[in-house]
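Trainee: pasting the sequence and the predicted model now:
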Amino acid sequence: MPHVTPLFVSVFSAAIIGGGSIAFPAPSQTIGILDTSSIPVSIACNYAITITRQGGRVLVYRSPRSNAKVVSRLPSNTPVYVCDEQRQWYQVRFSGNCKGRFNNGLREDLAQRCPVGWIRKQNVDVKSG
């Protein structure tokens, strides 16, 4: 099914009021549906998987520092999406709840819906991008 977005259009009516001024009441109405499936959407984050040694868990930090709060622990081979980097860190979006996931990356318009954190580069295998 194509992705559809309601198209909102303001309908204006002009009326001449005494003294020559114009009033523009603007009630908004939904007048149709815009099919956005053919509009190109950029991929903001590259598809990757987590990697660990000996079946451990990858720590996901709130910020790109070893002393930052750990926000999640992911098993090896967990899909993540690399959205940014700083030195030896990748900023990633993660979670099985991310909608619009693709093996070539995560759509820019959907990236904000996913949890975010930082993982050391040595624990990420980038597959696309």
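Mentor: Great, that's in hand.
Trainee: residue contacts, the residue nearest to Ser72 when sequence neighbours are not counted?
Mentor: Once flanking residues are discounted, Ser72 sits nearest to Val60: 4.1 Å by C-beta to C-beta, 6 or more residues apart in numbering. Using the backbone N, CA and C atoms, a C-beta is placed for each residue, glycine as well. Residues in contact with Val60 (C-beta atoms under 8 Å, 6 or more residues apart in numbering) are Val70, Val71, Ser72, Arg73, Leu74, Val92, Phe94, Gly117, Trp118, Ile119.
Trainee: which of the helices or strands spans Val60?
Mentor: strand 57-61 (DSSP states H and E).
Trainee: thinking again about what came up before, ranking the contacts of Val60 by neighbours, who comes first?
Mentor: Val92 (30 neighbours; other C-beta atoms under 10 Å).
Trainee: so that residue sits in a helix?
Mentor: No: checked against DSSP: H, G, I helix; E, B strand; the rest coil, Val92 lies outside a helix; its state is strand.
Trainee: residues in contact with it?
Mentor: By C-beta under 8 Å, 6+ apart, the neighbours of Val92 are Cys45, Ala48, Val60, Val80, Tyr81, Val82, Cys83, Val116, Gly117, Trp118, Ile119, Val124.
Trainee: with Thr78 instead?
Mentor: Contacts of Thr78 (C-beta under 8 Å, 6+ apart): Ile49, Thr50, Val58, Phe94.
Trainee: distance of it relative to Tyr47?
Mentor: Using C-beta to C-beta, to the nearest Å, we find Thr78 at a distance of 12 Å from Tyr47.
Trainee: ok, now Gln91?
Mentor: In terms of C-beta to C-beta, Gln91 sits 14 Å off from Tyr47.
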